[in-house]
Structures are given as structure tokens and as C-alpha cells.
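*Asks:* based on what follows, work out the 3D shape:
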Amino acid sequence: MRFAALILVGTISLSAGNSINQWTYDNGYKVSVGTVSSCNENVDQFPDKVAPLFAKYGITYKNTYKIVENKVLNKKYVLYQRGCSRPAAADGQDIDGVFEIPLSKVYMSSSTYFGFMELMGERSSMRIINGLYSSSPCLHRQVSDGWTKNAPFTNWCSSTLGYCDLKDTDNNATTPNVQVPNEALNALKIEGSFCTTGLVCKNPIMVSDISENNFYAAGEWIEYFSVFFNREAIVGQFADTTRQRWVTSSEFAMSIQDKKRVLFVSYWKEAYPAYGTYKGWEVKTCDPSTSYTRYCELVKAAGAIAVNSDTSALAVFDFGRKADPSGGTEWLAGGQLQPDALLLDVIKSVYPDKVPKHEFVFMRNLLDSVKSGSLDCANVPTQLGCPMTGKELIAKCTDLSATV
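*Replies:* Predicted structure coming up:
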């Protein structure tokens with residue numbers, strides 16, 4: 001079934017908190033955008049606030065606007081409340097982008113951010129995505145309904161002209177492709193593009209979570225997203241709870257006397273040089289001179305000792321418990337959203353007798369699975385870690401307002 005696409009711009013004023021978008025799904029996708037009916041510039045329009053503890057960005061709150069700074073790329077943005085006047089700060093020489101918030105029509109360059117958007121109740125704000133690498137039933141439904149457009153970078157580009165297709169006009173593979181405006185995507189009038197470091201987007205909001213050296217700091221970027229939607233209240237509470245669970249679990253694991261040795265390896269089907277990964281097996285070394293050490297931090301927080309080589313493995317675990325229809329695992333994205341659950345998974349894999357009640361969220365016992373033959377997805381598609389089809393996922397979405 002397909003839904004009619006409709007956006008309603010209304011005015012709502014929430015005196016008890018920040019003004020947020022109100023999404024309803026009774027007859028298609030509808031939103032009343034979070035606009036204040038009147039704006040008193042002497043009154044704080046953002047009573048709900050967040051502040052990062054470890055992530056490399058900063059937020060400054062004023063009465064009617066916010067200044068957000070990506071400290072990795074030295075990018076600064078002014079965000080002002082809908083219904084209020086554009087502030088003079090928006091015209092500063094050091095400002096890289098100005099946005100009227102809350103946003104309601106955005107582009108996502110990475111599937112890592114899908115969970116952020118869903119948790120804060122803004123899944124439907126994602127109108128264009130760079131590939132449907134997700135096991136989210138309702139995101140698959142949004143794409144199936146035509147509300148969210150799946151436009152991978154391999155098929156389109158963004159430029160000063162707007163969103164565009166790459167087309168080979170003379171069917172000659174040696175001739176460079178040309179940029180042709182994509183009217184269907186342009187018609188969506190995207191308000192901002194959450195753009196991963198290294199990519200080029202239209203109306204970019206640069207995100208540098210990949211620069212963080214541990215999963216908790218990477219997860220704090222959910223608060224960066226929240227300020228563009230005035231969703232600080234729910235996200236701040238979630239981040240505080242997640243951090244407390246991380247700290248409690250790590251303190252417990254660090255107290256264990258008999259330290260286990262852990263070798264962290266990854267297998268990449270394709271090479272992604274921009275992210276420092278290459279096809280084949282990769283050992284995640286713990287050289288302190290390297291900048292990308294979140295794997296080592298994860299092992300250390302789990303009370304274990306990370307090693308760079310070892311052939312005496314007694315147990316083998318992988319992060320394949322949850323897979324999307326393309327076969328990709330979601331532990332990197334999920335680990336940023338739920339670093340506390342990821343840490344408990346690692347603790348259980350290393351010290352299973354210490355946390356017997358914890359159920360794995362991302363990991364599975366790979367050695368036991370191989371021995372039992374339970375990795376045969378071709379013949380037994382319901383086995384643990386086998387990806388569901390898009391249709392199967394869509395059937396699971398019974399409530400579009402759900403945040404998981």
C-alpha cells in the first residue's frame with residue numbers, strides 16, 4: 001500500500017519545552033512543523049539543552065538561536081527557532097550554514113545516523129538516504145511508500161546545482177558522466193544534509209563521528225543531531241542513561257582480576273580507503289600512535305587486554321547477530337547508538353560467568369555457530385544473523401510512530 005505524501009506547516013508552541021515537529025500517520029505522512037506562534041526574543045526558546053562531554057563539537061545556546069560548531073572540521077552553524085527572526089549572528093564571517101529549526105526534510109549520507117533519527121522521533125524527516133542499509137522495519141516501509149527516497153551516491157550526486165543524476169549521455173563508458181538535475185529529488189526541497197566527513201553535500205551539516213576514538217564519544221553525536229530538531233529533552237535523557245550504564249559496566253569489568261586476552265579482527269568485503277579500510281582481514285591493532293582506537297578502548301573498557309597477534313583463541317565471537325537485507329551487520333551503527341549494550345556484549349564474550357543474565361544484542365558465538373551448522377542462511381534463513389528481506393521487514397512495521 002502506498003501513502004499520499006503531504007506536509008502541513010502549522011504552528012505549535014510548547015511552553016514546557018522546545019518546539020518540536022508533530023508527526024501523524026492516520027492518512028499518510030503528515031507533520032506540523034515546530035513553529036512558535038509568537039517569539040519574544042527576551043525569553044529562552046530552548047529550555048531543553050544538551051552539552052557534549054567527550055565528542056568533538058560544541059553548542060552555544062542563545063534565547064532564539066543556537067550556534068553549533070564541528071571542532072574537527074572547524075565548521076560553525078547558526079540554528080534559529082521557526083517563528084523567530086533571523087539573528088544577526090547568522091551573517092558572521094565564520095558561519096558556514098544557517099538553518100531554521102526544527103528541520104523536517106533532510107538528507108542522510110550514512111546509515112550510521114538512521115538510529116539517531118528514529119530514537120528521537122524524526123525518522124520521517126529523512127526524505128533522501130544514501131542507501132537503505134538498515135534492518136529497521138519502518139524505514140523500509142517509508143521507502144516502500146515512497147516517502148523516503150533511496151538515492152545512493154553511486155547513482156546521483158549533490159552539487160551547487162542541487163541534487164542530480166550522473167548520466168552517460170552517449171553510452172560510452174570512456175566519456176565522463178555529466179550531471180543532470182534530478183527534479184524529483186529537487187522538488188523535496190531538502191533543508192539540510194547530514195554529511196559524513198569526506199563527502200560533498202548540498203546545504204551540508206558536517207558530521208565527524210568517525211573521528212572519535214571510542215564508541216561512547218561517537219554515540220554522543222546523537223546530541224549534535226538533536227539540536228537541529230529541538231529534540232534535546234529525549235536525547236539528553238537517553239545519553240545520560242547510556243553513559244551511566246557504560247561507566248557502571250566498565251567499572252565492574254575492570255575489577256575482574258583474571259584478565260583475558262582479546263584479538264579484534266574485521267573482514268571487509270570491499271575496500272573503503274576514505275575510512276582507512278581495505279578488502280580482506282584486518283587486525284585492529286592498539287598502537288597508541290594511531291588515531292582510530294575505539295576498538296582498543298572497547299576491549300579495555302570490558303576489562304580485557306587487547307593484543308595485536310594471538311593464535312591461542314579459545315572462543316570466537318563476531319558481531320553478526322543482526323543483519324540488514326544487503327547482508328551487512330549493524331553493529332557499528334548500533335554500537336554508536338547503544339555503546340552500553342555493545343560494551344556488555346564484549347564483557348559477556350570475555351567473562352560469560354560474570355554477566356550470565358545479559359542477552360547478546362550485537363554479538364554471537366561464531367565458533368559454536370560454525371560447529372552446530374547454524375550459519376547456513378541459504379537453507380535455514382531464520383537462523384541467527386541471517387538477514388531478513390525488505391518485504392519481511394516492512395510487514396513488521398505496524399506503527400510508524402514507533403521510535404525503534
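*Asks:* which residues touch Y163?
*Replies:* Contacts of Y163 were listed using Cβ atoms under 8 Å, 6 or more residues apart in numbering, and they are 128, 151, 156-157, 181-182, 185-186, 190, 202. All C-beta spots, glycine's among them, are computed from the backbone N, C-alpha and C.
*Asks:* again, only this time at 10 Å
*Replies:* Neighbouring residues of Y163 by Cβ atoms under 10 Å, 6 or more residues apart in numbering: 107, 128, 149, 151, 156-157, 179, 181-188, 190, 193, 201-202.
*Asks:* remind me which residues of the stretch 201-350 of the chain are low pLDDT?
*Replies:* 267, 269, 272-277, 287-292, 309-314 (pLDDT under 70).
*Asks:* please repeat the previous calculation with a cut-off of 80.
*Replies:* Residues of the stretch 201-350 of the chain meeting the criterion pLDDT under 80: 263-293, 307-316, 318, 320, 322-324, 326-330, 332.
*Asks:* would you list every one of the strands in it?
*Replies:* Assigned by DSSP state E, counting those that start in this stretch, the strands in the stretch 201-350 of the chain fall at 204-207, 261-263, 265-268, 280-283, 305-307, 317-318.
*Asks:* partner strands of the second one and their direction?
*Replies:* Meaning strand 261-263. Strand 261-263 has its sheet partners listed here by DSSP bridges as strand 305-307 (parallel).
*Asks:* and what of the third one?
*Replies:* In the sheet containing strand 265-268, its partner strands are strand 280-283 (antiparallel), by DSSP bridges.
*Asks:* can I get the strand it pairs with in PDB? Just the C-alpha atoms.
*Replies:* What follows is strand 280-283, C-alpha atoms only, in PDB (Å, rounded to 0.1, in the frame of the first residue of the first chain):
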ATOM      1  CA  GLY A 280      40.200  -8.700   3.400                       C
ATOM      2  CA  TRP A 281      41.000  -9.400   7.000                       C
ATOM      3  CA  GLU A 282      42.200  -6.600   9.200                       C
ATOM      4  CA  VAL A 283      43.700  -6.900  12.700                       C
END
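*Asks:* before we move on, back to that, could you turn the buried ones of the contacts of Y163 into a ChimeraX selection?
*Replies:* Command for ChimeraX that selects the buried part of these, burial taken from 16 or more other Cβ atoms under 10 Å:
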select :107,128,149,151,156,157,179,182,185,188,190,193,201,202
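*Asks:* end to end, how far does stretch 119-132 reach?
*Replies:* Using Cα to Cα, to the nearest Å, the span of stretch 119-132 from its first residue to its last is 17 Å.
*Asks:* so what's the gap between it and the chain middle?
*Replies:* Relative to its chain's centre, stretch 119-132 lies at 10 Å (Cα atoms, centre = their mean, to the nearest Å).
*Asks:* surely V180 is in a strand?
*Replies:* Yes. With DSSP: H, G, I helix; E, B strand; the rest coil as the criterion, V180 is assigned to a strand.
*Asks:* in the sheet, who's paired with it?
*Replies:* D165.
*Asks:* pLDDT at it, what is it?
*Replies:* Looking at V180, its pLDDT stands at 75.
*Asks:* tally of neighbours for it?
*Replies:* Counted by other Cβ atoms under 10 Å, the residues lying close to V180 total 14.
*Asks:* can you give me the neighbour number for the residue nearest to Y278 when sequence neighbours are not counted?
*Replies:* Distances taken as Cβ to Cβ, 6 or more residues apart in numbering place A271 nearest to Y278, at 4.6 Å, with adjacent residues excluded. Burial measure for A271: 11 neighbouring residues, criterion other Cβ under 10 Å.
*Asks:* on the three-state scheme, V31 is what?
*Replies:* strand.
*Asks:* that one touches G121, doesn't it?
*Replies:* No. Under the criterion of Cβ atoms under 10 Å, V31 makes no contact with G121, lying 11.0 Å away.
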